[in-house]
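Visitor: Any chance you can model this:
(one chain, ligands or ions: 1)
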Amino acid sequence: MYTLKTDDAAQYAKPYCACWSDTKPMEGSPADLCDCGEDDDLIEWKWEPPVRETERWCQLSLDRSKITFHPIFSSGTAAARSDAPLLIDHHYYWEVKMLTRCYGTDIMVGVGTKKVSTTDTEFKFVSLLGQDGESYGLSYKGKVRHDGKFTPVPAGFCSGSIVGVRVDLWHGTLAFYINRKPQGVSFYNLRRHPELYAMLSSTAAQSSMRLIYAASWRASLLVDAAKVLAASWREGMELPPGLRKALSSQFWLGLPADVGSDDEDDDEIEPVKPMNADTSNLVTINNPLVDELFLRTLFSVYFQNREMILKRQRRMKERIWMLDHPQ
Ligand SMILES: [Zn+2]
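Guide: Here you go, the predicted structure:
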């Protein structure tokens, strides 16, 4: 139904959501038709403003989430990077929504070090990300690239597609998602770079994309414990308040247990179950040293924000599932 006819290389590319027709957002479509999650408003970083000389190659929206490459015409490759580096031992997940048609030499989403110039290719049409060992990219044509080598992945992307990037700087891995479907771990050993940034590149005139989600968390026992605890909630628990902000913004921490469902077509908000069926890999908390107050507080906040969290859950369900099921 949402299939987009484009060139052969991106033949499997599709928009993510019913809020998009083949080529553009649907006018006046009811908000509840949209599952893109653009109003979730969790964006921890922005795109860096372009250097002065290259403004005509790349325009940023005022909030620096939306970027338009080659706003007038294209005579080469423009690129952008995030305004903050990815930190070692942290996990990152961000999503970029394609707002315009993907065509031409290349449009790429990925990561790179500061050594990747965003201006050297102004007059060259190239697949910028992955040209050498300093960057990694996913092409709209359905290929990942690093160190000059392309490797195919199952699908490309087009206007209306949501491209997700998960960088795990605890294990040093990089995985891409297209329309929230995992494409597998594409690259390893990313911890060798002292500094990495989120990056975009495009050769296409008036190509536009928006950062719709960007979250991070530090790998820690606390985080692992919190996930276990959230999955262990039981009806009837009455607990003290706290951690409201963390729970309302960190979807991966505070969600109830049924996010592990494999049923991709199930859009219903399911009742909260005491235990997730898919908790076989979770540690049982029998250790008296585990801070019980923390646990109780966590659940308490969940209850106080239950309605809001359940609302978010529908949109976040797929994201959680992906994060808990690394390929
Ligand atoms: Zn949508």
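Visitor: just for the stretch 51-200 of the chain, where's the confidence low?
Guide: Flagging of the stretch 51-200 of the chain using pLDDT under 70 yields the residue ranges 52-55.
Visitor: any idea where the strands of the stretch 51-200 of the chain begin and end?
Guide: For the stretch 51-200 of the chain, applying DSSP state E, counting those that start in this stretch gives strands covering 58-60, 66-69, 78-81, 90-98, 107-112, 135-139, 143-146, 149-152, 162-168, 173-178, 181-187, 197-202.
Visitor: got CSV for those strands, with distance to the ion and mean neighbour count too?
Guide: In this view, the C-beta of every residue, glycine as well, is placed from N, C-alpha and C. As requested, the strands of the stretch 51-200 of the chain are arranged in CSV below (distance: least, Cβ to the ion, whole Å; neighbours: other Cβ atoms under 10 Å):
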stretch, distance to the ion, mean neighbour count
strand 58-60, 22, 19
strand 66-69, 15, 22
strand 78-81, 23, 25
strand 90-98, 8, 22
strand 107-112, 18, 28
strand 135-139, 21, 27
strand 143-146, 25, 22
strand 149-152, 27, 11
strand 162-168, 9, 24
strand 173-178, 15, 22
strand 181-187, 16, 17
strand 197-202, 20, 26
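Visitor: any chance of those strands in CSV, with distance to Ala219 too?
Guide: Output for the strands of the stretch 51-200 of the chain, formatted as CSV (distance: least, Cβ to Cβ, whole Å):
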stretch, distance to Ala219
strand 58-60, 31
strand 66-69, 29
strand 78-81, 23
strand 90-98, 6
strand 107-112, 18
strand 135-139, 20
strand 143-146, 23
strand 149-152, 27
strand 162-168, 8
strand 173-178, 12
strand 181-187, 16
strand 197-202, 19
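Visitor: For Ser208, find the nearest of these.
Guide: strand 66-69 (4.5 Å; Cβ to Cβ).
Visitor: partners of that closest one in the sheet?
Guide: strand 58-60 (antiparallel), strand 207-218 (antiparallel) (DSSP bridges).
Visitor: Report the contact partners of His146.
Guide: Residues near His146 by Cβ atoms under 8 Å, 6 or more residues apart in numbering: 130, 133, 135-137, 186-187.
Visitor: For those, name the two members farthest from one another.
Guide: Gly133 and Ser186 (14.5 Å).
Visitor: Close to the ion: what parts of this structure are there?
Guide: Neighbours of the ion within the chain, by Cβ under 5 Å from the ion: 17, 19, 34, 36.
Visitor: which one is the last one nearest to, not counting chain neighbours?
Guide: Of all residues beyond its chain neighbours, the one nearest Cys36 is Cys17 (5.0 Å), with distances taken as Cβ to Cβ, 6 or more residues apart in numbering.
Visitor: With the third one instead?
Guide: Counting by Cβ to Cβ, 6+ apart, Cys19 is the residue found nearest to Cys34 once chain neighbours are left out, at 4.0 Å.
Visitor: quick one on the thing from earlier: could you dump the residues of the chain next to the ion into a markdown table with secondary structure and neighbour count added?
Guide: What follows is these, written out as a markdown table (DSSP: H, G, I helix; E, B strand; the rest coil; neighbours: other Cβ atoms under 10 Å):
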| residue | secondary structure | neighbour count |
| --- | --- | --- |
| Cys17 | coil | 21 |
| Cys19 | coil | 17 |
| Cys34 | coil | 18 |
| Cys36 | coil | 23 |
